[in-house]
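**Student:** Mind looking at a prediction? Sequence and model below.
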Amino acid sequence: MAAKIPVTVITGFLGSGKTTLIRNLLQNNQGRRIAVLVNEFGELGIDGDLLRSCNLCPEEETGSDTVPEIVELTNGCLCCTVQEEFLPTMLELLKRRDRLDCILIETSGLALPKPLITAFRWPEIRHAATVDGVITVVDCAAVGSGQLVGDLAALEAQRQADPSLDHETPIQELFEDQLACADLVILNKTDLVDAKTQQQVTEFIQQELPQRAVKVIASAQGALDANVLLGFNAAVEDNLTARPSHHDTEEEHDHDDEITSTQFISEQTFDPQQLQHQLETLVAGAEIYRIKGFVAVPNKSMRLVMQGVGNRFDQFYDRPWQPQEPRQTRLVFIGRNLDGEKISAQLLAHD
């Protein structure tokens, strides 16, 4: 009987740095053959495309045993889609288990990790895969400023949209659940705070952790050695009782239809600073929780990545535009009651 393939679950709030962590891991995989499941809210596949831009991931099947394979799950919170997409996706990956060393699963920013881990008890998966460990990524800058996420009000609105969460402090409980399930906590974005704040945040996280031995490791841009992130051998699905959740007794939930995503796709080019100013204006006037995508910049051969959580934005050039791909500006907006036509009209009125 072949050994079970190890699966690492990476969880954390919106904008904490999960995709950056995985991207760095793929770029420095030390010869490991890694498959990645990216759970996204929206249809453009932004996270998957960001991971492909690490130049390790094939656009098509190449037959190579040394490159990661990426499967994107695109219809929302993973704990709600496991029966629809997760099982067939895992079964397809497990057919290739002789070509893989491990699997990474990046959950959405709203996902509770425990329902996903429970799926690894299913008979169809249990014989071939095991949850090697759970990594929770925490935004140090946000926690250091007195919040748990870059835009606490926006995330609270998202959590409140879940009718099963009848709690006074749902954000705190979600944060606690992510920490309670962790085998490792990555304190990310430490480059944005001073040493005193980092120490205070570290002490706060340690107080929130369960009694199990869980390490807290600082990171600036998710640049950590693969040997730190992989190889916990925790068999998490066999010991879920040691990872308590506020939601252990809750029924499967339905999402509020008001939480939606909309896309903006344009052949026009944009000045990065002017576009960011427009996006900040949009966020100030609507319940937009998350913005992520790619921007075509005038007279630039490089593709610009634009990301926003609340009023915090980040932008960087990740790679040259490929000859065969259209130089489009493509953005995904996640929020409540979004008017896609109005967003497009405001962004196109930039001349």
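**Tutor:** The structure has been received and is ready for your questions. Residues are numbered from 1 along each chain as shown.
**Student:** which residue ranges form the helices in this structure?
**Tutor:** For the chain, applying DSSP state H gives helices covering 18-27, 46-52, 78-81, 87-94, 113-118, 123-126, 140-144, 152-160, 170-180, 195-208, 226-229, 272-285, 340-348.
**Student:** need those in a markdown table with mean neighbour count, mean pLDDT and distance to Thr107, can you?
**Tutor:** Glycine gets a C-beta too; all of them are placed from N, C-alpha and C. Formatted as a markdown table, the helices of the chain follow (neighbours: other CB atoms under 10 Å; pLDDT from 0 to 100; distance: least, CB to CB, whole Å):
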| stretch | mean neighbour count | mean pLDDT | distance to Thr107 |
| --- | --- | --- | --- |
| helix 18-27 | 23 | 84 | 8 |
| helix 46-52 | 23 | 57 | 11 |
| helix 78-81 | 22 | 34 | 5 |
| helix 87-94 | 16 | 78 | 14 |
| helix 113-118 | 22 | 84 | 6 |
| helix 123-126 | 13 | 85 | 17 |
| helix 140-144 | 24 | 86 | 18 |
| helix 152-160 | 19 | 54 | 14 |
| helix 170-180 | 21 | 81 | 9 |
| helix 195-208 | 14 | 89 | 19 |
| helix 226-229 | 16 | 90 | 15 |
| helix 272-285 | 15 | 92 | 24 |
| helix 340-348 | 15 | 91 | 26 |
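**Student:** TSV for these, including distance to Thr8?
**Tutor:** Supplementary listing: the helices of the chain in TSV, determined by distance: least, CB to CB, whole Å:
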stretch	distance to Thr8
helix 18-27	9
helix 46-52	14
helix 78-81	14
helix 87-94	14
helix 113-118	11
helix 123-126	15
helix 140-144	21
helix 152-160	24
helix 170-180	15
helix 195-208	20
helix 226-229	7
helix 272-285	32
helix 340-348	35
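**Student:** and of those helices, who's closest to Val305?
**Tutor:** Closest approach to Val305 among these (CB to CB): helix 46-52, 6.6 Å.
**Student:** what's the spacing between Ile291 and Arg303?
**Tutor:** 16 Å (CB to CB, to the nearest Å).
**Student:** Let me fix that, I meant to ask about Gly15.
**Tutor:** 20 Å.
**Student:** ok, these two, which is more surrounded?
**Tutor:** Using other CB atoms under 10 Å as the criterion, Gly15 and Arg303 rank with Gly15 on top: 28 against 23.
**Student:** which residues sit in contact with the more buried one?
**Tutor:** Residues in contact with Gly15 (CB atoms under 8 Å, 6 or more residues apart in numbering) are Gly109, Asp139, Ala142, Val149, Gly150, Arg290, Gln307, Val309, Gly310, Arg312.
**Student:** quick one, what contacts Gln200?
**Tutor:** Contacts for Gln200 (CB under 8 Å, 6+ apart) come out as Gly144.
**Student:** ok, 10 Å please
**Tutor:** Shown in contact with Gln200 (CB atoms under 10 Å, 6 or more residues apart in numbering): Cys140, Val143, Gly144, Val193, Asp194.
**Student:** next one: Leu192
**Tutor:** Asp139, Cys140, Ala141, Ala142, Gly144, Ser145, Gln198, Ala220, Arg312.
**Student:** Distance-wise, check it relative to Thr118.
**Tutor:** For Leu192, the distance to Thr118 - CB to CB - is 35 Å.
**Student:** hmm, which two among the contacts of Leu192 are most spread apart?
**Tutor:** Using CB to CB, the pair of those lying farthest apart is Gln198 and Arg312, separated by 18.1 Å.
**Student:** Let's see the pLDDT reported for the closest residue to Gln315 other than its chain neighbours.
**Tutor:** Nearest non-adjacent residue to Gln315, counting by CB to CB, 6 or more residues apart in numbering: Met306, 5.0 Å away. Met306 is assigned 90 on the pLDDT scale.
**Student:** same check, this time on the one 4 residues further on
**Tutor:** Model confidence at Gly310, expressed as pLDDT, equals 71.
**Student:** cool, and Ala182?
**Tutor:** In this model, Ala182 is scored at 90, pLDDT.
**Student:** what's near enough to touch the closest residue to it other than its chain neighbours?
**Tutor:** Sequence neighbours aside, Thr136 is the residue nearest to Ala182 in space, at 4.0 Å (criterion: CB to CB, 6+ apart). Counting by CB under 10 Å, 6+ apart, Thr136 touches 9-13, 16, 18, 113, 175, 177-187, 205, 209, 214, 216.
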